[in-house]
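Asks: what's the 3D shape of this:
(2 chains)
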2 protein chains.
Amino acid sequence: MINREWHLLSRPVGWPEVEDFALVEAPMPTPGEGQVLVRNRYLSVDPYMRGRMSAAKSYVAPFELGKVMQGGAVGEVVESRAEGIEVGDHVLHFLGWREYAAVDSAQAVKVGSAGSGDVPLSAYLGVLGMTGLTAYAGLLRTASFKEGDAVFVSGAAGAVGSQVGQIAKLKGASRVIGSAGSDEKVKLLVEEYGFDAAFNYRNGPVAEQLRAAAPDGIDVYFDNVGGDHLEAAIGSLNRDGRIAVCGMISVYNNTEPAPGPKNLARLIQTRGRIEGFLVGDHYDLQPQFVQEVGPWVASGALKHRETVVEGVENTLEAFLGVLRGDNIGKMVVKL
Amino acid sequence: MINREWHLLSRPVGWPEVEDFALVEAPMPTPGEGQVLVRNRYLSVDPYMRGRMSAAKSYVAPFELGKVMQGGAVGEVVESRAEGIEVGDHVLHFLGWREYAAVDSAQAVKVGSAGSGDVPLSAYLGVLGMTGLTAYAGLLRTASFKEGDAVFVSGAAGAVGSQVGQIAKLKGASRVIGSAGSDEKVKLLVEEYGFDAAFNYRNGPVAEQLRAAAPDGIDVYFDNVGGDHLEAAIGSLNRDGRIAVCGMISVYNNTEPAPGPKNLARLIQTRGRIEGFLVGDHYDLQPQFVQEVGPWVASGALKHRETVVEGVENTLEAFLGVLRGDNIGKMVVKL
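Replies: Here you go, the predicted structure:
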């Protein structure tokens, strides 16, 4: 039996190239005592993975060269040497970028009822998983969202951004504005996700489009993008405004650092706050998150989309697509 | 009787020019019911005043063209039409840039015992006034300083900066680092104010000098300067670091906005926070501030310096000196 897995061969400089990676055939892993063998059904591909491809010290260790990469995955247990997990159970774990994985039971979280529940298995990589918690924690804790706030989110058609906007609306935002990179996505934001306003950042200067969409300013900005979006948000920030920095996808592939926002002095008059966060610091919110958001997902009040790419051999292309913004909603690879 | 007062004639573009201002002779003001006539003894000149010289909407109204400017002042009451304030009392008020002022009693705060106490009258414009409270509130509330933090402050020989560093030391900072614009000031920081390390930002790149002075990074940065100081501080920020933005004197006179820090994405991995503040939002801390800092001033544990310029006719030059960084400690004008 052969297990196919993705290796990092060289560290990308700027935009990742296909030559930096290889799909490698490896022996099927054998679960040790306390482990389960999981046949992965869905792999997660996420922008933060670009950071792990670089050698720079960061909040997670870099991927090792010549070894299999990691990432979120859900799959079916096909062999168990661990108590409490049976063959046929579905588990969420962190050994993605491969077909089969031997997972410590402590690192495997049982989800759903063998995939037969109301929520599809892939949702545990997205709306009810780390993606959803990222939106929830960043909006409520880091940005201190409160009822009546006007909220702007960039990358709004993405997996995290679309959740941010909808959670804000469901919790009483006065106005929710989103930006995205195509007219199709903008339409989706307004017509399907219920944003009050949205714009295509490729259609003109972000600052001007934001001012038109939020003439009374914004109280919260959820930043997935950085760059001119961040500068525009600072320019439209109301008194006591808060900016949660989740990601800066616009700068990840720059070889030379781009200049930062020119208007940071505005933080003084607005008493504004910019704060970075990582979902890993907020797992304590998980029970509250599932309790509040789960029913919205089940009832359809909170909508979510997936872009599904089929086949382990297309995992890299799916990842590159996330960096390009090809996806609408959460990007997953179905094996 | 003649009252000399400073008027703003035109709004400076870039660096203020002498021609933008005029020292004007006006009639002596007559106090109305509930007012006192104050002979100003000390005028305050502060960097934030540059903002009020522009027409741009800000946290305080712009100075009006052709009218007398405002600012902190302490003086002696020479005529009283208000209950509770006697001739001979000393009061702190906000009608500076002039020799005499008719002040509403509600806007006049009695200070000291007619100037005869342990603390000189000018201290109420500085170490025990708005300047000291700015340092105290920004460090303790905005930057959430706690014992054991490593603290970096720019403009460290200035009125606010020198207080920040000393208060941090007195409250148990693990290390206090300051930057200033001359070797003389650097010496003062280490030898008189007890900073653990200090550097002259004109002697080399700020980021390199900061890394050398704080090899284990910083937990708090108190920003008076902006620009490359802010970028360097973000680069040296430890996990959960906090930056309080008090001022950005390096950018106030730019006609074109300078590019911002290139490394804001570091806020994600550090979970860092940048937050602006204005002392006016923190007057509730005043009693706690006087109670804690007052004894340090009286005992000499907290040192402060003043640069005193004599004569109302030299007020503008004193203000320009603050913008250039000529002062050590609080700049005041003695009338």
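Asks: what distance separates the lengthiest helix in chain A from the centre of its chain?
Replies: The residue-count maximum for a helix in chain A (DSSP state H) belongs to helix A:286-299. From the chain centre to the centre of helix A:286-299 is a distance of 17 Å (CA atoms, centre = their mean, to the nearest Å).
Asks: Mean confidence (pLDDT) on it, please.
Replies: Average pLDDT, helix A:286-299: 84.
Asks: Could I get the buried residue list for that helix?
Replies: A:286, A:289, A:292-294, A:296-297 (16 or more other CB atoms under 10 Å in any protein chain shown). C-beta: built from backbone N, CA, C; applies to glycine.
Asks: same deal with stretch A:39-51?
Replies: Those would be A:40-51, for stretch A:39-51 by 16+ other CB under 10 Å.
Asks: Considering only those residues, which also neighbour chain B?
Replies: Checked against chain B using CB under 8 Å from any CB of the partner chain, those give no members in range.
Asks: Can you pick out the most distant pair from those?
Replies: Spanning the widest gap among the buried residues of stretch A:39-51 are A:Arg41 and A:Gly51, at 25.9 Å by CB to CB.
Asks: How are the strands of the stretch 101-250 of chain A distributed by residue range?
Replies: A:109-110, A:150-153, A:175-180, A:197-200, A:218-223, A:237-245 (DSSP state E, counting those that start in this stretch).
Asks: All the helices of the stretch 201-335 of chain A, in order from the start?
Replies: Ranges of helices in the stretch 201-335 of chain A, per DSSP state H, counting those that start in this stretch, are A:206-213, A:227-235, A:266-270, A:286-299, A:315-324.
Asks: Out of those helices, which is closest to B:Phe94?
Replies: Per CB to CB, nearest to B:Phe94 of these: helix A:266-270, 18.7 Å.
Asks: Domain boundaries for chain A, per the record?
Replies: A:2-126+A:304-334, A:130-280 (automatic domain parsing).
Asks: mind putting those domains in TSV, mean pLDDT included?
Replies: Conversion of these to TSV gives the following (pLDDT from 0 to 100):
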stretch	mean pLDDT
domain A:2-126+A:304-334	91
domain A:130-280	94
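Asks: and B:Lys185, which of those is closest to it?
Replies: Nearest to B:Lys185 among these is domain A:130-280; the distance by CB to CB comes to 23.5 Å.
Asks: now check the closest one, is it near chain B?
Replies: Yes: applying CB under 8 Å from any CB, one finds domain A:130-280 touching chain B at A:226, A:230-231, A:245-248, A:251-252, A:257-278.
Asks: Pull out the buried members of these.
Replies: Buried among those (16+ other CB under 10 Å): A:226, A:230-231, A:245-248, A:251-252, A:258, A:260-278.
Asks: Report how many residues lie close to A:Glu184.
Replies: 11 (other CB atoms under 10 Å in any protein chain shown).
Asks: brain fart, A:Gly204
Replies: For A:Gly204, using other CB under 10 Å, the count is 11.
Asks: for it, phi and psi?
Replies: The phi/psi pair for A:Gly204 (degrees, to the nearest 10) reads phi 170, psi 180.
Asks: From A:Lys187, how far off is it?
Replies: For A:Gly204, the distance to A:Lys187 (CB to CB, to the nearest Å) stands at 17 Å.
Asks: highest average neighbour count across the domains of chain A?
Replies: Burial of the domains of chain A is given as mean neighbour count (mean count of other CB atoms under 10 Å in any protein chain shown); domain A:130-280 ranks first at a mean of 22.
Asks: Figure out the length between the terminal residues of it.
Replies: 9 Å (CA to CA, to the nearest Å).
Asks: hang on, the earlier thing: let's see which of the buried residues of stretch A:39-51 end up in strands.
Replies: A:40-44 (DSSP state E).
Asks: Just the closest of those residues to chain B, please.
Replies: Of all these, A:Ser44 has the smallest distance to chain B: 18.7 Å, by CB to the nearest CB.
Asks: so who does that closest one touch?
Replies: A:71-73, A:96, A:125-126, A:129-130, A:330-332 (CB atoms under 8 Å, 6 or more residues apart in numbering or on different chains).
Asks: Repeat that for A:Glu292.
Replies: A:Tyr136.
Asks: what about the helices in the stretch 1-150 of chain A?
Replies: With DSSP H, counting those that start in this stretch as the criterion, the stretch 1-150 of chain A has helices at A:49-52, A:130-137.
Asks: For the closest residue in space to A:Asn203 that isn't next to it in sequence, give me its contacts.
Replies: Distances taken as CB to CB, 6 or more residues apart in numbering or on different chains place A:Gln209 nearest to A:Asn203, at 7.0 Å, with adjacent residues excluded. With contact taken as CB under 8 Å, 6+ apart, A:Gln209 is in contact with A:179, A:199, A:201, A:203, A:232.
Asks: For the third one, which non-adjacent residue is spatially closest?
Replies: Meaning A:Tyr201. Leaving out its chain neighbours, the residue that sits closest to A:Tyr201 by CB to CB, 6+ apart is A:Ser179, at 4.8 Å.
Asks: How much space separates that neighbour from A:Phe195?
Replies: On the measure of CB to CB, A:Ser179 and A:Phe195 end up 10 Å apart.
Asks: Please identify every residue contacting each of those two.
Replies: With CB under 8 Å, 6+ apart, A:Ser179 and A:Phe195 have common neighbours A:Ala156.
Asks: Okay, and the beta partners of A:Asn3?
Replies: Bridge pairing for A:Asn3 (DSSP bridges) gives the partners A:Ala26.
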